[in-house]
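Trainee: the sequence isn't on hand, but the structure is:
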């Protein structure tokens, strides 16, 4: 399988490290073989070799923040996507939940030229899923997005695979690891501002923490789940959204006294054929399956017709954890061939 | 897809009810169509119709505990399995973890005559998995056993599907709903004998509760996971096993005082290439992801190289819940065609 990587930051490097480390294992266990033929990055430049790039070398250059020096092409991203001989485009550029950023054009160009798209970028998935899926179907390829919700923790592939046959009426969960980490730490005694500083130092929260603490990141994921799992056509703005900025140490203490705990909960629900989505802090009882999920971990509970509630708990971020989401979708394409 | 059902008790009736109810949905969503051509049950008798049985009618007869009166054949089970035109045999007879019971011969006969086997029967899976898998491979068919561990809650299909690519070094979890229910109730104040009586009244525990309370049921599942997920060749007797019969109300109280909780934990671990399995009550901290799993629910934590810990929580028993395990494996065969 020939792969092209658009974006060579954390996730791009993560999937390369996994693929290099697991090359023999993947060949032996799944009869899966690969070549990375194209990489495009706005810092390092664009490279292409139809017979496969020298991955250890470009990983080294990227880590040293150097421009690529081997197999360099002066094609822009769109030309590279269209002209390269890849079977699969991995769209791994930065997420822009307002406009989708260049990622939408990248995905379109790939699907239109008959290439599968695998992405952990929430932009195209949250803003344009129905359009992308239609384009993929029309061109006989796949648009796979496991990494857009809870990194590589199985969510979308769990629903499409092992849970196929169940009708899901409700999904609720902890969709943002940063805020869950912050709420967990506040329980130990720190106040909101202190804990935000620690989260930023640890790299959980960004310098501008708005996307996490205001619930926007979780709202993007709720939109994705509503549109993919429930077949809705929600816009991000259709999902009500409240973050954790108003939660005080006092609130945390009061919850504890009531055998409860504050969690930022994303919810998608289908009732009488209508799908609604929301993000809001909820005080949940300690006996609730999501109450015990602490730290930067994510968790989702699916309410199903045949199995009742099924909950999955796993990482929500990380270089290798998100890199794996790309691998799992690539292997899914490999299996379907 | 033509199906044969061996055993028409709870699970057999459960899968029929699901298939009847979801016929149109499965056709529309997955392009899946089916006919049940053969049913064999030691109470109701054996019936066969190559064009499809009258399922509502035989469900009615089975529920009334009547002998089947339509499409009756005087073939024994093995002849029925071999001669019928089914693509898939669903082996749903009673579990015998000592000898495997007639289920082993049923599975063999099906695989040898080129039929896929789907089963929730722990006997063949725990005692003869390597042999069955080899026979299936030789005959170009599948031997699928999602229902043998945690009913339809995705475990084996989760590992083979969305978690493919991860290496799993350890699995630990709550594999027996009856004992987890009992331990949960003991925390509310009842002693062991009282709670056992309630569990029996509710149908969670059998008249002879040995299989559950001594940990044998969990041990069978540990053996299955060791052999399938870790590629071991463990016999049931290789797995150390201690049940919950020695846990007293006093133990429960002491654990609570230490912010901990008793759980019957099944563990499979691979260390230095060697796979070991065990079942034993463990006092786990309330912050542990399995601590919050209460009642008859099951849960498994997989320790993986790429995602760290991933936990799945769901039902461990039930007519429809186990019936769904059969559907999920049937749909998996359907997808691979």
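Mentor: Yep, that arrived. As the structure is a computational prediction, the values presented were derived from the model and not from experiment.

Trainee: mind checking how far the helix or strand that contains residue A:263 is from the chain centre?
Mentor: Here residue A:263, judged by DSSP states H and E, is contained in strand A:260-271. Computed by Cα atoms, centre = their mean, to the nearest Å, the chain-centroid distance of strand A:260-271 equals 19 Å.

Trainee: residues from the stretch 1-150 of chain A in reach of chain B?
Mentor: A:18, A:22, A:25-26, A:30, A:146 (Cβ under 8 Å from any Cβ of the partner chain). Every residue, glycine included, has its C-beta placed from N, CA and C.

Trainee: kindly recompute the last result at 7 Å.
Mentor: A:18, A:22, A:26, A:30 (Cβ under 7 Å from any Cβ of the partner chain).

Trainee: related to what we said a few turns ago, ok, is the strand holding residue A:263 in contact with chain B or not?
Mentor: No. Under the criterion of Cβ under 7 Å from any Cβ, strand A:260-271 makes no contact with chain B; the nearest approach is 10.9 Å.

Trainee: excluding chain neighbours, what is closest to residue A:173?
Mentor: Spatial nearest neighbour of residue A:173, chain neighbours left out: residue A:300 (3.5 Å); criterion: Cβ to Cβ, 6 or more residues apart in numbering or on different chains.

Trainee: give me every residue that touches residue A:80.
Mentor: Contact analysis of residue A:80 by Cβ atoms under 7 Å, 6 or more residues apart in numbering or on different chains lists A:38, A:40, A:46, A:48, A:73.

Trainee: pretty sure the third one sits against residue A:37.
Mentor: No. Distance between residue A:46 and residue A:37: 11.9 Å, which falls outside the contact criterion (Cβ atoms under 7 Å).

Trainee: just to revisit the earlier point, next, the residue nearest to residue A:173: secondary structure please.
Mentor: strand (DSSP: H, G, I helix; E, B strand; the rest coil).

Trainee: which segments of chain A make up each domain?
Mentor: With domains defined by automatic domain parsing, chain A comprises A:2-152+A:319-335, A:162-315.

Trainee: who touches residue A:113 in this structure?
Mentor: Contacts of residue A:113 (Cβ under 7 Å, 6+ apart): A:81-82.

Trainee: now pLDDT too, for the contacts of residue A:80, in a markdown table please.
Mentor: Converted to a markdown table, the contacts of residue A:80 look like this (pLDDT from 0 to 100):
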| residue | pLDDT |
| --- | --- |
| A:38 | 98 |
| A:40 | 97 |
| A:46 | 97 |
| A:48 | 98 |
| A:73 | 97 |
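
Trainee: let me know the closest of those residues to chain B.
Mentor: residue A:38 (22.0 Å; Cβ to the nearest Cβ).

Trainee: quick one, helices of chain A?
Mentor: With helices called from DSSP state H, chain A shows them at A:10-30, A:55-63, A:77-83, A:103-112, A:122-138, A:156-160, A:177-186, A:192-201, A:210-213, A:216-229, A:249-257, A:319-336.

Trainee: just name the most buried of the ones you listed.
Mentor: The highest mean neighbour count among these, using mean count of other Cβ atoms under 10 Å in any protein chain shown, belongs to helix A:216-229: a mean of 26.

Trainee: packing partners for that helix?
Mentor: If you count contacts as 3 or more Cβ pairs under 7 Å, 6 or more residues apart in numbering or on different chains; DSSP states H and E, helix A:216-229 packs onto helix A:122-138, strand A:168-174, strand A:260-271, strand A:274-285.

Trainee: what angle separates that helix from strand A:168-174?
Mentor: Interaxial angle of helix A:216-229 relative to strand A:168-174 (axes from the mean of the first three to the mean of the last three Cα atoms, to 10 degrees): 160 degrees.

Trainee: which other residues reach helix A:216-229?
Mentor: A:97, A:122, A:125-126, A:129-130, A:148-149, A:156, A:159, A:168, A:171, A:175-176, A:210-211, A:232-234, A:236, A:239, A:241, A:264, A:266, A:268, A:275, A:277, A:279.

Trainee: picking that back up, closest one to residue B:189 among the helices and strands packed on helix A:216-229?
Mentor: Nearest to residue B:189 among the helices and strands packed on helix A:216-229 is strand A:274-285; the distance by Cβ to Cβ comes to 19.2 Å.

Trainee: could you name the helices and strands sitting against the closest one?
Mentor: Checking 3+ Cβ pairs under 7 Å, 6+ apart, strand A:274-285 ends up next to helix A:216-229, strand A:260-271.

Trainee: for residue A:331, find the nearest of these.
Mentor: helix A:216-229 (19.3 Å).
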